[in-house]
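1. show me the folded form of this:
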Amino acid sequence: MMTDTHSSTSSLRIVREPQVYLVGRQTVDDSEIARFLADNGTNWTTDTEVGAEKLAEVGGRLCYMSFGKGRKTNQEFLSHIVEVGHGSVLEHAVWNFIVTDVSRSLTHELIRHRAGFGYSQLSQRYVNESDSPFIEPDCIAEDPKAHAIWLEAIEAARRGYDGLVAQLESKFDHVENKTLRRKLARQAARSVLPNATETRIFVTANARALRHFLELRGSIDAEDEIRKLALRMLEILHAESPNLFGDMKIVTREDGTRVVSTDHHKI
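-> Residues are numbered from 1 along each chain as shown. Okay, here's the model as predicted:
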């Protein structure tokens with residue numbers, strides 16, 4: 001389990017580990033599934049209590065009308081789906097996450113994952129960034145000289161932001177609406193904030209899209225910060241849905257780097 005790491009320098013908060021909150025999962029209307037089965041003269045039960053796994057199995061069995069036939073357990077059925085690459089079935093399984101303590105650099109990469117994902121991100125136009133944390137890359141934090149250079153740049157950006165907000169709120173003092181006045185100041189002042197500025201993002205994604213994200217961003221070729229996020233999300237999904245993500249392993253390389261590994265690519 002990753003732990004959150006914060007440090008403070010002259011009231012500047014530095015963050016180095018992402019936080020992930022699983023805030024939503026699917027529920028199943030078993031009565032409607034039973035009505036469908038009865039209308040089609042068949043019976044079926046499954047051994048999973050995970051809504052996403054159950055719905056993915058229903059979708060897959062519907063393709064072949066194999067209810068009550070063939071592979072008996074949910075794990076057997078979904079493992080076969082993954083092995084043969086029938087990825088569309090996995091699109092019926094959906095989760096909702098809140099991700100915090102990540103940088104704007106990370107979310108610029110994250111939102112490139114469009115198919116199967118939905119996002120709602122913190123707005124710098126409305127939210128005051130005067131006390132926001134900053135995300136420091138590990139390779140900088142581990143090097144005292146690099147850390148000093150980085151810290152100087154971050155503190156200068158913070159001072160610039162605070163100064164611009166104060167100046168622009170004064171410039172727009174003729175605007176009667178206080179919320180609008182603040183928005184006008186903050187939306188311009190944010191131009192000096194670095195990519196290291198912490199942000200929060202609400203993420204909705206289906207299992208197929210998540211598997212692609214985890215494989216791509218959990219690899220050794222991924223940027224360090226987003227790899228941390230992929231590993232944390234996979235840890236959560238291992239516990240949440242082992243039948244859909246159990247084949248995706250977290251392995252430690254000889255250099256100590258943790259990465260995602262799977263034999264089933266681009267499902």
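2. can you give me phi and psi for the residue nearest to residue 228 when sequence neighbours are not counted?
-> For residue 228, ignoring the flanking residues on the chain, the nearest one in space by Cβ to Cβ, 6 or more residues apart in numbering is residue 18 at 5.6 Å. Glycine gets a C-beta too; all of them are placed from N, C-alpha and C. Dihedral pair for residue 18: phi -70, psi 150, per degrees, to the nearest 10.
3. same check on the one 3 residues further on?
-> Main-chain torsions, residue 21, degrees, to the nearest 10: phi -120, psi 120.
4. who does it bridge with?
-> Beta-bridge partners of residue 21, counted by DSSP bridges, are residue 98.
5. ok, now which ones touch it?
-> Contact analysis of residue 21 by Cβ atoms under 8 Å, 6 or more residues apart in numbering lists 97, 98, 99, 100.
6. surely the first one and residue 232 touch.
-> Looking back up the chat, that one is residue 97. No - the criterion here is Cβ atoms under 8 Å, and residue 97 misses it with residue 232 at 9.8 Å.
7. hey, where'd the helices end up in the stretch 101-250 of the chain?
-> 104-110, 138-141, 144-171, 178-189, 207-217, 224-240, 242-245 (DSSP state H, counting those that start in this stretch).
8. and the residue nearest to residue 228, how close does it get to residue 180?
-> In this structure, residue 18 lies at 33 Å from residue 180, with Cβ to Cβ, to the nearest Å as the measure.
9. cool, and residue 247?
-> Note on residue 247: its distance to residue 180, by Cβ to Cβ, is 52 Å.
10. quick one, which of those two is more surrounded?
-> Comparing residue 247 with residue 180 by other Cβ atoms under 10 Å, the one with more neighbours is residue 247, at 17 against 11.
11. domains in the protein, by residue range?
-> What automatic domain parsing lists as the domains of the chain is 1-23+96-267, 27-91.
12. what's the average pLDDT for the shortest one?
-> I take that to be domain 27-91. What domain 27-91 shows for mean pLDDT is 95.
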